[in-house]
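Participant: model the structure of this input:
(chains A and B)
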Number of protein chains: 2
Amino acid sequence: MTPKLYFAMARDMGRTASEVEAVLAANRRFYEAFTNRDLAGLDRLWAQRAPVACIHPGWPVLHGREEVMVSWRNILTGPSSPQIACSGAHAEIVGDVAYVTCIETLSNGRLIATNLFVREDGEWRLIHHQAGALSPAFEAEDPEPDETLH
Amino acid sequence: MTPKLYFAMARDMGRTASEVEAVLAANRRFYEAFTNRDLAGLDRLWAQRAPVACIHPGWPVLHGREEVMVSWRNILTGPSSPQIACSGAHAEIVGDVAYVTCIETLSNGRLIATNLFVREDGEWRLIHHQAGALSPAFEAEDPEPDETLH
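Facilitator: Down below sits the predicted model:
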């Protein structure tokens, strides 16, 4: 391998690792906004132009930014707005889209979630979220490490 | 509006509608392969190079093509391989990635699913699937129309 090719590969790998870290950082901001009931912060995290959707645990799909943000407002301002902690986040990037899978731990059990991001205005923004119950059969498993980079 | 611009817009809209239809067709093939226990057909539908993952209902996430395909083999060859019907499929395309949300009806209840596709070798192929239980509170709702184009 030529030094030039070697350095090009190293540069590409560095770029990918830092992009994956940027996606995971956006994912962390999502859960921070959620647990802090920061509706404005949550609003900034959702895409402005790309078509968005959201599937809360057990719910049918919500389509479009307005419907999705109304649901978050209702959840975050409700009396039972949950405390939520994310673990085991794993990000994959495919072009200008990234998907993160992670465990959501609430006071009454664990969920498993997919968060879909798009690169918009140089930022990774949410376009879709689905969370659903993790079966009690898997509850006893050791949690995954906090974040996986690839 | 000039005729030239008008025709360019009509052409773009036609292209988008036909791409959405191609995504929905790939989504239909996924459920056909599932319900027909067609493991080879299912295998062809999953991406060959893009990083794949899968979250079966209640399960933790599976990462990588091998782990995902082993899970499908176990499900489709098991004695309780479910009959499954997809309805209310809704596709959104973001660059070379598309996501479909839909209802999965099984003999014992309904699930809600996200299917994530990537354009690979000119075909829309699955890179991620998450399905989770739809709450009985929503079970009584009328099913959505079979397919929504945007």
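Participant: quick one: secondary structure of whichever residue of chain A sits closest to chain B?
Facilitator: Nearest residue of chain A to chain B (Cβ to the nearest Cβ) works out as A:G132 at 2.3 Å. Quick note: C-beta positions are derived from backbone N, CA and C, even for glycine. Three-state call for A:G132 (DSSP: H, G, I helix; E, B strand; the rest coil): strand.
Participant: for the nearest residue to it once chain neighbours are set aside, give the beta-bridge partners.
Facilitator: Once flanking residues are discounted, A:G132 sits nearest to B:G132: 2.3 Å by Cβ to Cβ, 6 or more residues apart in numbering or on different chains. The residues listed as beta-bridge partners of B:G132 by DSSP bridges are B:I112.
Participant: let me see the contact set for B:G132.
Facilitator: A:55, A:57-58, A:112, A:130-133, B:55, B:57-58, B:111-113 (Cβ atoms under 8 Å, 6 or more residues apart in numbering or on different chains).
Participant: turn those residues into JSON lines, columns for distance to A:A17.
Facilitator: Converted to JSON lines, these look like this (distance: Cβ to Cβ, whole Å):
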{"residue": "A:I55", "distance to A:A17": "30"}
{"residue": "A:P57", "distance to A:A17": "32"}
{"residue": "A:G58", "distance to A:A17": "36"}
{"residue": "A:I112", "distance to A:A17": "25"}
{"residue": "A:Q130", "distance to A:A17": "26"}
{"residue": "A:A131", "distance to A:A17": "27"}
{"residue": "A:G132", "distance to A:A17": "30"}
{"residue": "A:A133", "distance to A:A17": "32"}
{"residue": "B:I55", "distance to A:A17": "25"}
{"residue": "B:P57", "distance to A:A17": "33"}
{"residue": "B:G58", "distance to A:A17": "32"}
{"residue": "B:L111", "distance to A:A17": "35"}
{"residue": "B:I112", "distance to A:A17": "34"}
{"residue": "B:A113", "distance to A:A17": "31"}
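Participant: who wins on neighbours among those?
Facilitator: Using other Cβ atoms under 10 Å in any protein chain shown as the neighbour criterion, A:G132 leads the contacts of B:G132 with 28 neighbours.
Participant: re the thing from before, could I get the contacts of B:G132 as CSV with pLDDT and distance to A:I93?
Facilitator: Below are the contacts of B:G132 laid out as CSV (pLDDT from 0 to 100; distance: Cβ to Cβ, whole Å):
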residue, pLDDT, distance to A:I93
A:I55, 98, 22
A:P57, 96, 26
A:G58, 96, 29
A:I112, 98, 20
A:Q130, 98, 19
A:A131, 98, 21
A:G132, 97, 23
A:A133, 96, 28
B:I55, 98, 18
B:P57, 96, 26
B:G58, 96, 27
B:L111, 97, 27
B:I112, 98, 25
B:A113, 98, 22
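Participant: for chain B, what are the nearby residues on chain A?
Facilitator: Chain A comes close to chain B at residues A:50-51, A:53, A:55, A:57-61, A:63, A:90, A:92, A:94-97, A:99, A:101, A:103, A:112, A:114, A:116, A:118, A:127-128, A:130-135, A:137-138, A:141, as judged by Cβ under 8 Å from any Cβ of the partner chain.
Participant: are any of the residues you listed buried, and which?
Facilitator: For the residues of chain A next to chain B, a neighbour count by 16 or more other Cβ atoms under 10 Å in any protein chain shown gives the buried set as A:50-51, A:53, A:55, A:57-61, A:63, A:90, A:92, A:94, A:97, A:99, A:101, A:103, A:112, A:114, A:116, A:118, A:127-128, A:130-135.
Participant: could you tell me which of those are located in strands?
Facilitator: Judged by DSSP state E, those include A:53, A:55, A:63, A:90, A:92, A:94, A:97, A:99, A:101, A:103, A:112, A:114, A:116, A:118, A:127-128, A:130-133 as members of strands.
Participant: can you give me the helices for chain A?
Facilitator: Remark: helices assigned in chain A by DSSP state H are A:3-35, A:39-45, A:65-77, A:136-139.
Participant: I'd like the average pLDDT over the third one.
Facilitator: Same thing as helix A:65-77. Averaged over helix A:65-77, pLDDT sits at 97.
Participant: check which helices and strands it sits against.
Facilitator: With contacts defined as 3 or more Cβ pairs under 8 Å, 6 or more residues apart in numbering or on different chains; DSSP states H and E, the packing partners of helix A:65-77 are helix A:39-45, strand A:53-55.
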